[in-house]
Structure formats: structure tokens, C-alpha cells
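Peer 1: Got a predicted structure here, sequence first:
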Amino acid sequence: MNILVTGAAGFIGFHLCKKLLNDKYKVFGIDNINNYYDVNLKKNRLKQLLTKKNFKFKKIDISNENFVKNIYPSVKNCKIIIHLAAQAGVRYSISHPYKYIESNVKAQISILELAKKIKKFNRLIYASSSSVYGFNKKTPFSIEDRVDNPASLYGATKRSGELISQSYSKMFGIKCTALRFFSVYGPWGRPDMAAYIFTKNLFENKPLDIFNFGRMERDFTFVSDIVSGIVPIIKLKDSSLHSIYNLGNNKPEPLLKLVNILETLCGKKAKIKKKNMQLGDVRKTYANINQSKKDLKFKPKTNLKDGLKEFVDWYREYHKIN
């Protein structure tokens, strides 16, 4: 089977492509390799994928209005699209709002227009985010909850992507599955995420900014667990045109626990700067994964300590730290 993966040089996209290639799928990856974070990290991920004979890649911008016309000849046999490309990050959305409309709203329409054009198309699987839950007070966050109270523009654009996909699925009969990811971490992770920032600052003896004075909890989810939730959807037999799943660890952890584990793994004592809550942030995330367990047999296996050990081991190797 031929599968198109967008954001193939990204963190989750890279891990997903590796798994699909190991499972003998033919993967066509696309990415615009933007400079939101270290381009070399993206290129080094991509270098690994390009060693596989059943992987092809094209650098292209999905939000460009000529995207469908330009990419269609290369991907017309891809019956599955896994759309992971996005402009991520809550904080960056405050200073760069237009990038989020381009990458998370316009690009979603581009992908749906492509899916509409492919003959006998099977399914679009796309990344949403736990950020769609915004200021929801009830926990754990359930796919049955109303999500009309976003805390950030990022969360609002991801919810927009869900609504746009839902409308396309109804109008054009495109089967779509949204995945709300919860605080994904692991080897080859994004440098703008807490595990990476804290590890980097610990090794460089720089202070760690801890927001809301440390009163933060996140449903940290290891990247291989996320991938194990995506892959079963490729062969999922369901009647729903548009479905939504939470992919999270189902166990919120205090941010200060993350710091304590990283201190031990890095052999460093953190210099902590406690600060006010950041604009657009939320205090706690917590995934209800009942539907994911039922339909996808989703069962996260990696606890925070083991996952962070894998991340720090990778970080030391990648950055050549003894």
C-alpha cells in the first residue's frame, strides 16, 4: 500500500515513517523543512529515511495554492494520507499568528482537496492536538466534550482543522480521522518542547523557566506509543465519516517531576526560575483514551522515567555529550 505522510521530517512524522517502512509500506514523504527550529535536526531525520528503498521524498509547501496540482502526479496512488505537517507551539502563535493560519488552516484545505482528487481514496488521518480542549475544566478530557473555548490561537487553528475536515467528509464522502496528541516527547524530539529545553539548559548550566510557579501537569506521551496509536487506523474498519481519538498517556505528571527525573539522568542540579502562567497556556492536560483503547487497541506502555531515559541517551549521543 502507498501512504503519503506530510511533515515527514518532523518529530512524529519521522518516527511514523520509520515504523511504516519497517512494516513494508511504500511511503511518500513531504515537508517544507521550515526554520521554526533547527533545520539540521530535520535534515538528519530525513537522511535516515532516505536510506530506505521504499521511501520517496519531496520538499514542498502544502499551504501553497498550487500544491494539489504540483503534487498530485506523484501521489495519485496513495489511498491513505497521514497529515502531520503543522505549525506547532502555543507560544510562537502569539508572535506569529499568520503562520498558523497558513500552516494549520490553509494547509488542511489543501490536503482535503488532494484527498478529494485521488480516485478510490481510503482515509485521511490527521494530527489535531490536546490544545483544542483549551480552558475545559472537566478532566480527563474526553472526545465527547465541547471544545469551543480555546486558550490559544494554536488550539483554535487545530480545532478549525477538525471542523473543516468534518465539513469535507460530509460534502465529499472523505473518511477522516483526527488524532488529538498529548505532549509528545522522545528521541529526535522538538527543541521547543519542555524535555528538550530542560535537558539542553541542564547540560549548559542555564536556568529552567518554570511557569505557573511549577503548578503544571502534562499528560506526557512517548513517541512510540503515539505511533502505535496511528498505525492501526490504516486498516480500521468503521462506518464513521469523521472520527476523533485522544492519544495520550492517560496519566498527568507534575512538571516538577519531569525536572527531577532529568536532573538525575543528566547528573545536574537545576537552577529553577519560577514564573507566572504564560499567555495561552493551561494548567493541566489529561487524556481520556477509552475510545482509543476500544477501537485502536491503544495501550501506552512507556512511563515517564523510561521515556526520558531514552530521550536523554539520544540527546547525549546526538550532541556528543559524555
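Peer 2: That came through fine. Numbers count the residues shown, from 1 in each chain.
Peer 1: Output the helix or strand of the chain with the lowest mean pLDDT as CSV - backbone C-alpha positions only.
Peer 2: In the chain, no helix or strand scores lower on mean pLDDT, DSSP states H and E than helix 90-95, which sits at a mean of 91. The C-alpha trace of helix 90-95 is given here as CSV (Å, rounded to 0.1, in the frame of the first residue of the first chain):
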residue,chain,number,x,y,z
VAL,A,90,1.4,27.7,21.7
ARG,A,91,3.9,30.5,22.5
TYR,A,92,5.0,31.0,18.9
SER,A,93,1.4,31.5,17.8
ILE,A,94,1.2,34.7,19.9
SER,A,95,4.0,36.4,17.9
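Peer 1: Name the residues of it that come out as buried.
Peer 2: 90, 92-93 (16 or more other Cβ atoms under 10 Å). C-beta coordinates here come from the backbone N, C-alpha and C atoms, glycine included.
Peer 1: And whichever strand or helix holds Val27, how far out from the chain middle?
Peer 2: Element membership for Val27 (DSSP states H and E) is strand 26-31. Centroid separation for strand 26-31 versus its chain: 16 Å, with Cα atoms, centre = their mean, to the nearest Å.
Peer 1: who touches that strand?
Peer 2: Residues outside strand 26-31 that contact it (Cβ atoms under 8 Å, 6 or more residues apart in numbering): 1-10, 13, 17, 20-21, 42, 46, 49, 52, 54-60, 62, 71, 74-75, 78, 85.
Peer 1: do stretch 53-73 as well
Peer 2: 6, 8, 17, 21, 24-33, 46, 49-50, 74, 85, 102-103, 106-107, 110-111, 113-114, 117-118.
Peer 1: What subset of those residues is buried?
Peer 2: Buried among the contacts of stretch 53-73 (16+ other Cβ under 10 Å): 6, 8, 17, 21, 25-32, 46, 49, 85, 102-103, 106-107, 110-111, 113-114, 118.
Peer 1: now this structure, which segments are flagged as low pLDDT?
Peer 2: Judged against pLDDT under 70, the chain has no low-scoring part.
Peer 1: Tell me where the longest helix sits in it.
Peer 2: helix 153-172 (DSSP state H).
Peer 1: Tell me which stretches of the stretch 1-150 of the chain form helices.
Peer 2: Counting by DSSP state H, counting those that start in this stretch, the stretch 1-150 of the chain has helices at residues 11-22, 39-49, 67-75, 90-95, 97-100, 107-117.
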